[in-house]
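J.: following is a predicted model, sequence given first.
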Amino acid sequence: MGQLRRPAIIVCVGLLLAQACAARPDRRGAEMVTLRFAQERFVVKNTGSAPVELRRKVLVERKEGASWLETAAEVYLIASCAEKDLHSPLHLGPGDELVMAPWNGWGCDGQCPRPCRANYYLGPGAFRFVVFTADGKKRFDGPEFALGAEDPRQKPPASQ
């Protein structure tokens, strides 16, 4: 009787291992993008072994309880406000990184000055940046960061 159980256990263990391996995503060749802060600037880095194309538009999410909710903030993967092409994907080769133009928490001109009719401050609260591959199939969540109460010295001038 013991001999009959042993093959059954081996089959069961084999099936469990096959299911576990099938459930784990294959990381070979996958895009790997990390998001971090360095010297108060947001950094996006390709840590994979293949080039990656990313959408320029950054999703800014605000933490509400245990959930993350999308905001309407206009933030882009740009190094400076001199960059005007916000629609072409950002190409990052293996090891390449982009140090983003900073964002001060304002909705429509918090990263680069521009005319806004109804600018608004999103803080205080906990936020994170999310970037997507150009095809939108993969997302990469950044670390949580905090915005404090509005500082009037940081407020952009009224726009027309």
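T.: That came through, no problem.

J.: Phe127 is in what secondary structure piece?
T.: Element membership of Phe127, judged by DSSP states H and E, is strand 125-132.

J.: so which residues of this structure form helices?
T.: 2-23 (DSSP state H).

J.: pull the helix or strand with minimum mean pLDDT from it.
T.: Using mean pLDDT, DSSP states H and E, helix 2-23 stands out as the lowest-scoring helix or strand of the chain, at a mean of 40.

J.: now Gly142: closest residue in space, sequence neighbours ignored.
T.: Spatial nearest neighbour of Gly142, chain neighbours left out: Leu35 (3.4 Å); criterion: C-beta to C-beta, 6 or more residues apart in numbering. Glycine gets a C-beta too; all of them are placed from N, C-alpha and C.

J.: circling back: helices or strands up against the strand holding Phe127?
T.: Where contact means 3 or more C-beta pairs under 8 Å, 6 or more residues apart in numbering; DSSP states H and E, strand 125-132 is packed against strand 33-38, strand 57-64, strand 139-141, strand 145-147.

J.: the residue at minimal distance from the centre of the chain: what's its closest spatial neighbour, skipping adjacent residues?
T.: For the chain, the residue nearest the mean C-alpha position is Val130 (2.3 Å; C-alpha atoms, centre = their mean). Spatial nearest neighbour of Val130, excluding adjacent residues (C-beta to C-beta, 6+ apart): Leu59 at 4.1 Å.

J.: phi first, then psi, for Pro89.
T.: phi -60, psi 150 (degrees, to the nearest 10).

J.: ok, how many other residues are close to it?
T.: For Pro89, the count of nearby residues is 16 (other C-beta atoms under 10 Å).

J.: next up, the contacts around it.
T.: Glu53, Leu54, Arg55, Arg56, Ala134 (C-beta atoms under 8 Å, 6 or more residues apart in numbering).

J.: same check, this time on Asp135
T.: Taking C-beta under 8 Å, 6+ apart, we find Asp135 in contact with Glu53.

J.: ok, Lys57 touching Ser88?
T.: No: look at Lys57 against Ser88 with C-beta atoms under 8 Å: they stay out of range, at 11.6 Å.

J.: which of these two has more neighbours?
T.: Shown here are Lys57 and Ser88; by other C-beta under 10 Å, Lys57 has more neighbours (14 against 10).

J.: beta-bridge partners for that one, please?
T.: Tyr76 (DSSP bridges).
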